[in-house]
Structures are given as C-alpha cells and as structure tokens.
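1. here you go, sequence then predicted model.
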Amino acid sequence: MRIASFNINGIRARLPRLVEWLEERRPTVACLQEIKCQDDAFPAAEFEAIGYKAIWHGQKGFNGVAILAEGAGPVEAGRGLPGDPEDEQARFIEADIAGPGGPVRVVNLYLPNGNPHPGPKFDYKIAWMARLRARLQELLAAEIPTVVVGDFNVIPEDKDVFSARAMAADALMQPASRDAYRRLLNDGWTDAIDTLNPRGGVWTYWDYQAGAWQRDHGFRIDHLLLSPQCADRLLAAGVDKAYRGREKASDHAPVWVELA
C-alpha cells in the first residue's frame, strides 16, 4: 500500500503534470495540498478517468486539500481541523482507506506557513499546530492505524535544509515551529522519511527563485507520520524528486510511504 503526498501548487495549473505522475507512479492513495480551487471547480472526472475517486475540501484561490484513492475510494471521516469553529481555511481532511491489511485512516493537511515572523500569521501557525496535536492524540488513543501526510511547513532539523543560516529567520525553522513538530513525534508518531534517512539531506521543496532547483537548494517540509500500528508495517519511503524538474512543475516533489 503506497500512500503519497503532493503539494500541487494549483491543481488547474498543474493538472497535466499531476495526471502524468499518477499514471506513472500509481500510488494507492494520493493526498494533495494547495489545490487552490473552490469545491465546484475540482476536476474529479479527470481522476475518475484514470481509476481514482476523490474527496476534497476547497477554497477559492488559496489552500485546499484532497484525497484520491484507487478501488472503492476514500470514505470521508472529517474535514476542517477541530478546535476553532471560526477557522474557515481549507487545510485539513481525513478519510478511511480500505487496504489488504485492513482499513487505514489517512489525514491530509496543509499546515500554515507562518511568515512573516513574528506576527499574527506565525501565531496562527503555532495555534494550528496545537490543535493538530490534540486531534492526533485522539487518533492515537483510539489506536486507529493512521498515516498523517502533507505540507507541514516545518523544517524539523538543520540536516533537513540546504543551509540553516540562509533559512534561520524563516517561520519554517523557528524554535516554536520545531518544538511543536517534535511534540508530535514524542507523542508516538514516526517520521517515515527521517527514520529511513537519519543523516538528512533529503529535500521535498525547491523555491522557484534564485535557481534553487538547479543548485539543489532545497529543504524537507513535506512529511509522512505513522501511528505505531502503521510504523510496524513500514517498508519504504521516499521522494519522487525528478518530477520537480519537469516543465511547469510544482515547487514541491511528491513524497510517499509504502506499508506492508
């Protein structure tokens, strides 16, 4: 069972690249972030034509998340991160996915960027991460086999960035961001890519500016977290890096995890 995550940076602008990736890699589940479209503009038929059913939580021009799955498709288990009824940003969706080892809960998120730091956007980010931790603690307590994926907008450690000095002032690397991420791991979640690449040096994002892709000036902000039940089934995890170099690509590369 391969579960993938891809910040597509505008689903309408990247649709040919996205369909291309799905057909070439055929993940069992594909979680998308930054679809940047309203619900009625989501191109579900394009995915059904190649064997994927979808659920999505859209927002005009910003944010937006979706879960695609082969076979029976995703069964929605929740949308919108609990904890703040006034938060209308489309950043969170959960679904149950049927698998050969039994159902798996997939949580797909697009965590706030938090820049500029300091300021209200950073405060929103940290508050959002506290709400996320509370929701994930509920899933751990229920012992539901769960995979949490998405663009976390957190560079966990210095080994996860091309230059810690260059990114030192960014919200992605602030102590509060890193501490909030570390608390998730301390609760019992396993960072799949970090577990299999303990020395770091694995990037998932390269800015469009300053020749970042050509110079390999990237960092790791797209993560795959496994509950204990799924961590026991971990076979492999990686980054489909080559897709970042294709024409009209997203600034993120897809990441994926395989479970037995």
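-> Right, received. Where do you want to start?
2. CA atoms for contacts and neighbours, from now on please.
-> OK.
3. bridging residues for the spatially most central residue of the chain?
-> The centroid of the chain falls nearest to Gly150 when counting by C-alpha atoms, centre = their mean (0.8 Å). Note on Gly150: beta-bridge partners by DSSP bridges are Leu109, His223.
4. so it sits right up against Asn108, yeah?
-> Yes - using C-alpha atoms under 8 Å, Gly150 is in contact with Asn108, at 5.5 Å.
5. overlap in contacts of the two?
-> Contact criterion C-alpha atoms under 8 Å, 6 or more residues apart in numbering; residues shared by Gly150 and Asn108: Cys31, Leu32, Gln33.
6. now the residues you listed as a markdown table including pLDDT?
-> Shown next, in a markdown table, are those (pLDDT from 0 to 100):
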| residue | pLDDT |
| --- | --- |
| Cys31 | 98 |
| Leu32 | 98 |
| Gln33 | 98 |
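7. buried members of these into ChimeraX, please.
-> Applying 16 or more other C-alpha atoms under 10 Å to the shared contacts of Gly150 and Asn108, the buried members can be selected in ChimeraX as follows:
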select :31,32,33
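8. can you tell me the closest non-neighbouring residue to Asp39?
-> Once flanking residues are discounted, Asp39 sits nearest to Gly58: 4.8 Å by C-alpha to C-alpha, 6 or more residues apart in numbering.
9. ok, now how distant is that neighbour from Asp222?
-> 20 Å (C-alpha to C-alpha, to the nearest Å).
10. what's the answer for Ala253, then?
-> With C-alpha to C-alpha as the criterion, Ala253 and Asp222 are 9 Å apart.
11. between those two, which one's more packed in?
-> Asp222 (28 against 22; other C-alpha atoms under 10 Å).
12. how about that one, what does it touch?
-> Ser5, Val149, Gly150, Asp151, Phe152, Asn153, Thr204, Tyr205, Val255.
13. kindly reformat the residues you listed as JSON lines containing pLDDT and distance to Arg17.
-> Rendered in JSON lines, the data for those read as follows (pLDDT from 0 to 100; distance: C-alpha to C-alpha, whole Å):
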{"residue": "Ser5", "pLDDT": "98", "distance to Arg17": "14"}
{"residue": "Val149", "pLDDT": "98", "distance to Arg17": "20"}
{"residue": "Gly150", "pLDDT": "98", "distance to Arg17": "18"}
{"residue": "Asp151", "pLDDT": "98", "distance to Arg17": "18"}
{"residue": "Phe152", "pLDDT": "98", "distance to Arg17": "22"}
{"residue": "Asn153", "pLDDT": "98", "distance to Arg17": "23"}
{"residue": "Thr204", "pLDDT": "98", "distance to Arg17": "17"}
{"residue": "Tyr205", "pLDDT": "98", "distance to Arg17": "16"}
{"residue": "Val255", "pLDDT": "98", "distance to Arg17": "15"}
